[in-house]
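In: Based on what follows, work out the 3D shape:
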Amino acid sequence: MKELELQKHIIEELTQRYGDTMMIIRPEKAWWYQGKYKSEKGVSDLILIYKGRSIYVELKVDNNTTSIQQDKFLDGVGKLGCVCGVARSLNDILFLLDPEERKRQYQQRYGKEYYKKNRAKIIEKARQRYYQNKKEVFKHAYCNT
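Out: Have a look, this model is predicted:
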């Protein structure tokens, strides 16, 4: 699957799930220049505005990694307090979207009681697991979990 196909699939799914409660912005359609759409290098593939928050999502497929410009952009918006991250699937975006969704996914995986007692350890383990697999879902996830 190519990034563009992933992007179309994710936009369709998010539109079905959230409808008018979410705004989806595709920055690569930022402006028209010499017969092509252009955007700044490094800007995220999708910007989602949901429940008064902006979420910056860089889409990647297979083992693709972020560029230096993308890393700088995600670090910058993350330091400003925005939720941002790299997504390889719809589940990664759902994880970034909603603190309750993140909590629900963790509870499903680990059980409610275990989750309550070991929340910090679970989150750290998940981050380490993704880093070890060279996935970047948590690399830029500056979200309050």
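In: Which helix or strand contains L48?
Out: strand 46-50 (DSSP states H and E).
In: That strand - which strands sit beside it in the sheet, and in what orientation?
Out: The strands beside strand 46-50 in its sheet (DSSP bridges) come out as strand 22-25 (antiparallel), strand 53-59 (antiparallel).
In: Could you list the buried residues of it?
Out: 46-48, 50 (16 or more other C-beta atoms under 10 Å). No exception for glycine: its C-beta is placed from N, CA and C like everyone else's.
In: Show me the two of those that sit farthest apart.
Out: For the buried residues of strand 46-50, the maximum inter-member distance is 11.4 Å, found between L46 and Y50 (C-beta to C-beta).
In: List the contacts of D20.
Out: For D20, the contact set (C-beta atoms under 8 Å, 6 or more residues apart in numbering) is empty.
In: Which phi and psi values does it adopt?
Out: phi -80, psi 0 (degrees, to the nearest 10).
In: do V43 as well
Out: The phi/psi pair for V43 (degrees, to the nearest 10) reads phi -70, psi 140.
In: pLDDT value on it, please?
Out: As predicted, V43 sits at a pLDDT of 85.
In: List the beta-bridge partners for L46.
Out: On the basis of DSSP bridges, L46 is bridged to V57.
In: What distance do you get for it to T65?
Out: 18 Å (C-beta to C-beta, to the nearest Å).
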